[in-house]
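Chemist: Sequence first, then the predicted structure, then my questions.
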Amino acid sequence: MRTIFLIGFMGSGKSSVVHYLAERLDVCHKDTDEEIIKMHGPIASIFENYGEETFRRFETNVLKKMPVEDAVIATGGGIIEKEVNRSWLMEHGIVVHLHTTWGEINRRLVDDESRPLWQLHDKEQLFENRQSKYKNTADISIVTDGKSPEEIATEILRIIKMENMDKLHS
Ligand code: S3P
């Protein structure tokens, strides 16, 4: 099966849903942020010491090493910022956008201090600016508000099977 890549804003539930999907499909799961942390240390330190551009470079390098068969991958919320990442994703996998409303994201991340870009004042603008990039990169978009990670995983699998996306090759 082609790899499923989960995209979506910070707090949209990618890291939870990836586990359920991988279990249901009996494939491995990975997370681009976790791979970056393994190689380069905490994300906040990378931003602080080297800046966002360096983080984005690490992110593209990690993305291009992800398996393109039999895996489910959670990506960082900003993966869609670079055109090279958007093209790579569209070419190499089934891309699923977890769409969570701004109100719900705000509730979930209200106390979060671990994400450097969540500390910005204009994060709602960031959210708005990214919506078209998520939408244009994704094969499937799922509204996640009020749904459990299990329900979201079930919905994704239903659509993939219905559309025969698991049978297509890139
Ligand atoms: C980022 C989202 C984070 C992480 C980094 C940058 C972003 O991942 O990659 O802090 O630009 O939105 P999550 O979406 O898993 O929080």
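Modeler: Alright, I've got the coordinates. Numbers count the residues shown, from 1 in each chain.
Chemist: Please name the strands paired to the longest strand along the chain in the sheet, noting orientation.
Modeler: The longest strand of the chain (DSSP state E) is strand 94-99. On the basis of DSSP bridges, the sheet neighbours of strand 94-99 come out as strand 4-7 (parallel), strand 140-143 (parallel).
Chemist: Give the buried residues for the last one.
Modeler: Within strand 140-143, the residues scored as buried using 16 or more other CB atoms under 10 Å are I140, S141, I142. Quick note: C-beta positions are derived from backbone N, CA and C, even for glycine.
Chemist: Which strand residues bridge the nearest residue in space to S15 that is not next to it in sequence?
Modeler: Spatial nearest neighbour of S15, chain neighbours left out: A74 (5.1 Å); criterion: CB to CB, 6 or more residues apart in numbering. Taking DSSP bridges as the rule, A74 bridges to L6, D31.
Chemist: Format the strands paired with strand 94-99 as JSON lines; extra columns: mean pLDDT.
Modeler: Formatted as JSON lines, these follow (pLDDT from 0 to 100):
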{"stretch": "strand 4-7", "mean pLDDT": "98"}
{"stretch": "strand 140-143", "mean pLDDT": "97"}
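Chemist: quick one on the thing from earlier: burial of the residue nearest to S15, as a residue count?
Modeler: Neighbours of A74 under the rule other CB atoms under 10 Å: 27.
Chemist: can you check W102 too?
Modeler: So W102, with other CB under 10 Å, has 13 neighbours.
Chemist: rewinding a little: pLDDT at the residue nearest to S15, what is it?
Modeler: pLDDT recorded at A74 is 98.
Chemist: So it versus E53, what's the distance?
Modeler: Computed as CB to CB, to the nearest Å, the A74 to E53 distance reads 22 Å.
Chemist: do the same with M10
Modeler: 19 Å.
Chemist: More neighbours: these two, which one.
Modeler: Neighbour comparison, M10 and E53: the larger count goes to M10, with 20 against 7 (by other CB under 10 Å).
Chemist: Next up, phi/psi of the residue nearest to L98 when sequence neighbours are not counted, please.
Modeler: Spatial nearest neighbour of L98, chain neighbours left out: G8 (3.6 Å); criterion: CB to CB, 6+ apart. Main-chain dihedrals, G8, degrees, to the nearest 10: phi 160, psi 160.
Chemist: In contact with G8: list those residues for me.
Modeler: Counting by CB atoms under 8 Å, 6 or more residues apart in numbering, G8 touches K14, G77, H97, L98, H99, T100, Y134, T144.
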